[in-house]
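# just a sequence and a predicted model for now, questions to come.
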Amino acid sequence: MTLAVIIPVYNSSRLLRETLIAVQSGTRSPDELIVVDDGSTDDSADVARQFGAQVIVMKANAGPAACRNHAALLSKSDLLVFLDADTCVHADTLEMMERHFLHDPTLAAVIGSYDDTPRDPGLCSQYRNLSHCYVHRDANRSALTFWSGCGGVRRSVFLDAAGFDERFHRPSIEDIEFGYRISDRGSKIRLDPSISVTHTKRWTIWNSIHTDVVDRGIPWMVLLLQRGRVPDDLNLKKRHRVSTALTGLSILCFAYALRSPSWLIPAIALAASAVCLDAGLLWFIYRKGGGRVFAVAVPMTFVQNACKLIALFGGLILFALRRHLPSRLSRGERRSQIMEKQQQIGPTLRGPQS
């Protein structure tokens, strides 16, 4: 079984160097190492070449979905393992991922998790990465979604599904949408949080909120509305929905408290109840990150719940507008260069079965 590692990069040469060092230090070396430079203005492409990677330079910034699809078309390997430029694999990450496919010929895809030792020391970064780690460790092992930060998929499955939707020009929910699409077709996706990567990205409060609302929250809500169902998994579990509702009620009470201070007590009680529903997450963060990260985690959990609420209403509005004003707001049909190739040369594009 052959394995390709595919990494899109955009102006992240320093983080890419760490990622490539980690890939080359593993117990399972990739048969193909493909780095796709998405129109960078720094030396990302030169860094990739120093590590012997096959470098693809996109003509213009097209987004990670298009980069990964382009690399998948050029790859000849049985397995495609997608990493981000800011994720460092552990020594056994690729070996463990390959082992899943060898042991289960019916398996379509495997995803891993961030580990509990995020690289960036910032409190917001520590919180975000530990939160992601906890969500994956707490999730169903039989997954419905895919994760391109550390995810492997059979190339035949990837090509059959026409890869990622290239209408997502920024890092967004292209991997989630892909996972739903293949799982809806009956493909088996396995989540194994022991397959770990270390995240090296620096998070700030602003880019955290922007990601939760604009890049992921609203598009994910629209996708759920289009599918007509909400899975009880990841950060969409029932307790998360209740927590979001309580957060919304608490915000209303805080607003009323501006006129009548008597509303302050129910506002605080509702906010505390919402945060307490994430007690498992907060305890995990306290154990792994200590008191300083825990102190940030409490208000940040409330902020994340508020972001979910904004994303809920934003998604509902956008979904409704697209239905009633399709000519102006419709995103059109799913786009993928893989679909275009399939139309040109037919099913031979799928490549070998594994």
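Here it is on my side, so go on.
# tell me, how many residues neighbour residue 236?
Residue 236 is flanked by 17 other residues according to other CB atoms under 10 Å. In short, each C-beta sits where N, CA and C put it, glycine included.
# how distant is stretch 217-230 from the center of its chain?
Put simply, stretch 217-230 sits 15 Å off its chain's centre (CA atoms, centre = their mean, to the nearest Å).
# and the contacts of that stretch?
With CB atoms under 8 Å, 6 or more residues apart in numbering as the test, stretch 217-230 has contacts from 168, 172-173, 176-177, 180, 184, 236, 241, 307-308, 310-312, 314-316, 318-319, 322.
# could you find the closest non-adjacent residue to residue 40?
With sequence-adjacent residues excluded and distances taken as CB to CB, 6 or more residues apart in numbering, residue 40 is closest to residue 11, at 4.8 Å.
# touching, that neighbour and residue 41? I think so.
Yes - if you go by CB atoms under 8 Å, residue 11 and residue 41 touch, sitting 6.2 Å apart.
# pick out whichever of the two has more residues nearby.
For residue 11 and residue 41, the more surrounded residue by other CB under 10 Å is residue 11, and the numbers stand at 17 against 8.
# in what helix or strand does that one lie?
Under DSSP states H and E, no helix or strand contains residue 11.
# begin at 34, not 1, for the rest of this chat.
Done: numbering now begins at 34, and the last item shifts to residue 44.
# who touches it in this structure?
73, 74, 75, 77.
# that older thread, filter the contacts of stretch 250-263 down to the ones in helices?
209-210, 213, 217, 274, 340-341, 343-345, 347-349, 351-352, 355 (DSSP state H).
# with respect to residue 137, which of those residues is nearest?
The closest of those to residue 137 turns out to be residue 217 (CB to CB; 19.8 Å).
# now the closest one: how far from residue 264?
11 Å (CB to CB, to the nearest Å).
# higher neighbour count, these two?
Taking neighbours as other CB under 10 Å, residue 217 and residue 264 compare with residue 264 leading, 15 against 10.
# mind checking the SS state of the more buried one?
Taking DSSP: H, G, I helix; E, B strand; the rest coil as the rule, one finds residue 264 in the coil state.
# kindly report the same for residue 67.
Criterion first, three-state DSSP; result for residue 67: strand.
# enumerate every residue touching the spatially closest residue to it that is not a sequence neighbour.
Nearest-residue entry for residue 67: residue 104, 4.5 Å, with adjacent residues in sequence omitted and distances by CB to CB, 6+ apart. Contacts for residue 104 (CB under 8 Å, 6+ apart) come out as 37, 39, 41, 67, 69, 89, 113.
# one more pass at 7 Å, please.
With contacts defined as CB atoms under 7 Å, 6 or more residues apart in numbering, residue 104 is in contact with 39, 67, 69, 89.
# same question for residue 91.
Applying CB under 7 Å, 6+ apart to residue 91 gives the contacts 69, 70, 71, 72, 100.
# what does residue 81 give?
By CB under 7 Å, 6+ apart, the neighbours of residue 81 are 49, 53, 68, 88.
# that one: which element?
Following DSSP H and E, one finds residue 81 within helix 77-83.
# tell me the buried residues in that helix?
77, 78, 80, 81 (16 or more other CB atoms under 10 Å).
# what is the nearest of the residues you listed to residue 285?
Taking those together and measuring to residue 285 by CB to CB, the closest member is residue 77, at 46.5 Å.
# just checking, that closest one touches residue 48?
No - using CB atoms under 7 Å, residue 77 makes no contact with residue 48, being 9.4 Å away.
# what's the domain layout of the chain?
Per automatic domain parsing, the structural domains of the chain span 36-234+366-383, 267-361.
# what's the helix or strand for the nearest residue to residue 370 once chain neighbours are set aside?
Closest residue in space to residue 370, ignoring its immediate chain neighbours: residue 102 at 5.4 Å, by CB to CB, 6+ apart. Taking DSSP H and E as the criterion, residue 102 maps to helix 97-107.
# buried sites along that helix?
97, 98, 99, 100, 101, 102, 103, 104, 105, 106.
# now swap in stretch 301-314 and tell me
Taking 16+ other CB under 10 Å as the criterion, stretch 301-314 shows 303, 304, 307, 308, 310, 311, 314 as buried.
# wait, the fourth one sits on residue 331?
Yes - under the criterion of CB under 7 Å, residue 308 is in contact with residue 331, at a separation of 6.0 Å.
# re the thing from before, is it possible to get JSON lines of the contacts of residue 91 that adds pLDDT and distance to residue 121?
Putting the contacts of residue 91 into JSON lines (pLDDT from 0 to 100; distance: CB to CB, whole Å) gives the following:
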{"residue": "69", "pLDDT": "98", "distance to residue 121": "18"}
{"residue": "70", "pLDDT": "98", "distance to residue 121": "19"}
{"residue": "71", "pLDDT": "97", "distance to residue 121": "20"}
{"residue": "72", "pLDDT": "95", "distance to residue 121": "24"}
{"residue": "100", "pLDDT": "97", "distance to residue 121": "19"}
